[in-house]
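In: Make a model of this:
(one chain, ligands or ions: 1)
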Amino acid sequence: MSARGRIAVILMLILLAVLLGFLFNRTTAVDLGAQNRVMLNLRELEKLDAEWNVNILRSRLGLDTGYEALAAPLPRIRQLQASLHDALSMTRGLAAPQAFEQMNAALREKERLVEQFKLGNAVLREALVYLPPAITDFKTDLNGIEGALVPARTVLALDGALNALLADILRFNLAPDIALALQIENTLGTMLIQAAAFSPAAGEKVGLLLRHARAVLRYRPLERAIDVAIRSTGSTESMDRLGRLFNNQFDEVLLQKQRYRSWLFAYSGVLLLLLIYVARRLVRSYRIIGVVNQRLRGANETLEMRVAERTAELKAQSLQLEKLAHHDGLTGLVNYAYFIRMLDQALVRAARRGTTVVVMFFDLDGFKAVNDTFGHGTGDLVLQAVARRVRDKLRAEDGLARIGGDEFVILLEEVGTREGATRVAQQTLDQICGITEAGGNPVAISASIGISSAHGRSGAVRGGATLLAEADQAMYCAKQAGKAGFCLSERAEWRASASLQTAAPYPASAETGA
Ligand SMILES: Nc1nc2c(ncn2[C@@H]2O[C@H](COP(=O)(O)OP(=O)(O)OP(=O)(O)O)[C@@H](O)[C@H]2O)c(=O)[nH]1
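Out: The predicted structure is shown next:
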């Protein structure tokens, strides 16, 4: 896989993991306990608000004149407000914070109104508590000493006004009404007029009654207005609204959680399928790799075998080529080039050892006639027979080469005497003359041999080619002397004791005994 492909796969894996993490987080991010706590706080707040309303009513009815119950829920209400404020972070959008602010404003307004209510209600309660017994007591006084000094008509009129005042105040307390208030004011005016006829003490009592009656007239409608204002603060409604908003948002979050859970489920399924797919691909790839490996191993072995075979073939061909380069194809003897190398090496050895090297150059006599008479095939057989027969009589370390058509050359090393060399020449002649048949044809051939030699360092100085040329020259000498014999070169050298015996041609007849 290329580097770019690897990066793409890594990025895709990271993306898959991030998506999985995101979905998992979405399904676990909902704190149900916190949601329940918020709803419980809201319920408690609503309950406290309702209890507050009941306490206001109780105070209005005079059942609680200490007003302690009106202040009691406030610390807890503030606590709950604070925790609800913290819970706003669990909602989204502006609706819930706005509803929370409205609720706070309503509760603040309610608290302010309750404070007003407490002030007015205290005065009103006092007046309502004072008036009935005070009126009754004053009526008793009117029927006693106070009434005795005042005309009965006046007493009756004040008594009637007192009765009317008591009845109207009680009615006004139950249902404040402007007409009734005016009527009470009239009654109070009548009472003031009538009271002038009585003692100053009675006047004072009427004054007190007047003050309390007017307190009722003033604070009762005010209390009613505060009551209406308290109810219209809408604290309950705003709590309801906030509760609904919280509820809706929590429901929405839960719904979202369900949705994410479904996504997570589906996504896990997709991942599982992907995993199965990848696993199957891997298994398949491993199988293919295994098969390919096996085939590669087989191919490798075959290749190695073929390489080995080919190498062997090449080696054989190379040897063959080398042989062809150094040997004569017809007779298998070494050729001219190789012979010169052999000769040069032999001369170096002779120089080092102080020995004698002999070169015998021979050319067949009458060979052309064989060719002409029986054809080249027979001539070739004759050449092969010459090579075989001459080779057979030489030592293993002696050299024999075919350097031309019917020209051969023999290389001898460490030759002791001239006689030794001429013995080999004679043997050679015998072998060649011994060929009487070739390919079923009667043949008669011989050879003319030229012998040259070098002793010690002399050969290396003169060189192999020179030595060979001297032998060739000697061979012509033998040809000229009548063929079928050998001739020694004038420059042939032998060991010191034999070195003077040189350059005399040996006629073939003399040497072969013909
Ligand atoms: N069959 C055959 N003949 C060859 C080959 N190479 C050369 N010849 C022939 O060998 C003959 C050599 O000629 P000569 O040496 O003049 O023949 P010759 O009869 O031996 O004569 P002298 O050397 O004078 O005795 C020629 O007829 C060549 O064509 C060969 O490889 N095969």
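In: Please report how far the residue in the stretch 1-150 of the chain positioned nearest to the ligand lies from residue 15.
Out: Of all residues in the stretch 1-150 of the chain, residue 2 sits closest to the ligand, at 67.6 Å by Cβ to the nearest ligand atom. The C-beta positions use only the backbone N, C-alpha and C, and glycine is treated the same way. For residue 2, the distance to residue 15 equals 20 Å [Cβ to Cβ, to the nearest Å].
In: Looking at the two, which is more packed in?
Out: Applying other Cβ atoms under 10 Å to residue 2 and residue 15 shows that residue 15 carries more neighbours, namely 10 against 7.
In: Quick check, pLDDT for that one.
Out: As summarised for this prediction, residue 15 has a pLDDT of 92.
In: In which helix or strand does it reside?
Out: Using DSSP states H and E, the element containing residue 15 is helix 3-28.
In: Alpha carbons of stretch 379-392, as PDB, please.
Out: Extracted C-alpha coordinates of stretch 379-392, given in PDB (Å, rounded to 0.1, in the frame of the first residue of the first chain):
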ATOM      1  CA  GLY A 379      41.800 -37.200 -46.300                       C
ATOM      2  CA  ASP A 380      40.100 -36.200 -43.000                       C
ATOM      3  CA  LEU A 381      40.200 -39.800 -41.800                       C
ATOM      4  CA  VAL A 382      43.900 -39.900 -42.600                       C
ATOM      5  CA  LEU A 383      44.500 -36.600 -40.700                       C
ATOM      6  CA  GLN A 384      42.700 -38.100 -37.700                       C
ATOM      7  CA  ALA A 385      44.600 -41.300 -37.900                       C
ATOM      8  CA  VAL A 386      47.900 -39.400 -37.900                       C
ATOM      9  CA  ALA A 387      46.900 -37.400 -34.900                       C
ATOM     10  CA  ARG A 388      45.800 -40.500 -33.000                       C
ATOM     11  CA  ARG A 389      48.700 -42.600 -33.800                       C
ATOM     12  CA  VAL A 390      51.400 -39.900 -33.200                       C
ATOM     13  CA  ARG A 391      49.700 -38.900 -29.900                       C
ATOM     14  CA  ASP A 392      49.700 -42.500 -28.700                       C
END
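In: Enumerate the positions of it that are buried.
Out: Taking 16 or more other Cβ atoms under 10 Å as the basis for neighbour counts, the residues of stretch 379-392 that come out buried are 379, 380, 381, 382, 383, 384, 385, 386, 387, 389, 390, 391.
In: Can you add secondary structure and give those residues back as JSON lines?
Out: What follows is the buried residues of stretch 379-392, written out as JSON lines (DSSP: H, G, I helix; E, B strand; the rest coil):
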{"residue": "379", "secondary structure": "helix"}
{"residue": "380", "secondary structure": "helix"}
{"residue": "381", "secondary structure": "helix"}
{"residue": "382", "secondary structure": "helix"}
{"residue": "383", "secondary structure": "helix"}
{"residue": "384", "secondary structure": "helix"}
{"residue": "385", "secondary structure": "helix"}
{"residue": "386", "secondary structure": "helix"}
{"residue": "387", "secondary structure": "helix"}
{"residue": "389", "secondary structure": "helix"}
{"residue": "390", "secondary structure": "helix"}
{"residue": "391", "secondary structure": "helix"}
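In: Got phi/psi on the residue of the stretch 1-150 of the chain closest to the ligand?
Out: Backbone torsions for residue 2, taken as degrees, to the nearest 10, come to phi -70, psi 170.
In: Please see if stretch 462-474 touches the ligand.
Out: No: no part of stretch 462-474 sits near the ligand under the criterion Cβ under 6 Å from any ligand atom; the closest distance found is 12.5 Å.
In: ok, residues contacting that stretch?
Out: The contact list for stretch 462-474, computed with Cβ atoms under 8 Å, 6 or more residues apart in numbering, reads 339-340, 343-344, 346-347, 357, 359-361, 409, 449-454, 459, 486-489, 491-492, 505.
In: ok, which residues in the stretch 251-400 of the chain are in contact with the ligand?
Out: 330, 363-369, 371, 376, 379-380, 383.
In: Whichever of those end up buried, select them in PyMOL.
Out: Buried residues within those, as defined by 16+ other Cβ under 10 Å, are selected in PyMOL through the command that follows:
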select buried, resi 363+364+365+366+367+371+379+380+383
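In: Let me know the closest of the residues of the stretch 251-400 of the chain next to the ligand to residue 431.
Out: Each of those was scored against residue 431 by Cβ to Cβ, and residue 364 proved nearest at 11.9 Å.
In: Just list the residues touching that closest one, thanks.
Out: So residue 364 contacts 382, 386, 406, 432, 445, 446, 447 (Cβ under 8 Å, 6+ apart).
In: ok, 10 Å please
Out: Residues near residue 364 by Cβ atoms under 10 Å, 6 or more residues apart in numbering: 370, 379, 382-383, 386, 405-408, 432, 435, 445-448, 483.
In: do residue 227 as well
Out: Shown here is residue 227, whose contacts under the criterion Cβ under 10 Å, 6+ apart are 56, 57, 60, 113, 117, 121.
In: I'd like the residues you listed laid out as CSV, including distance to residue 324, secondary structure and pLDDT.
Out: Converted to CSV, these look like this (distance: Cβ to Cβ, whole Å; DSSP: H, G, I helix; E, B strand; the rest coil; pLDDT from 0 to 100):
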residue, distance to residue 324, secondary structure, pLDDT
56, 134, helix, 87
57, 137, helix, 87
60, 140, helix, 81
113, 132, helix, 93
117, 137, helix, 91
121, 142, helix, 89
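In: so which two of those are the farthest from each other?
Out: Using Cβ to Cβ, the contacts of residue 227 span at most 13.8 Å, a distance reached by 57 and 113.
In: Much appreciated, bye for now.
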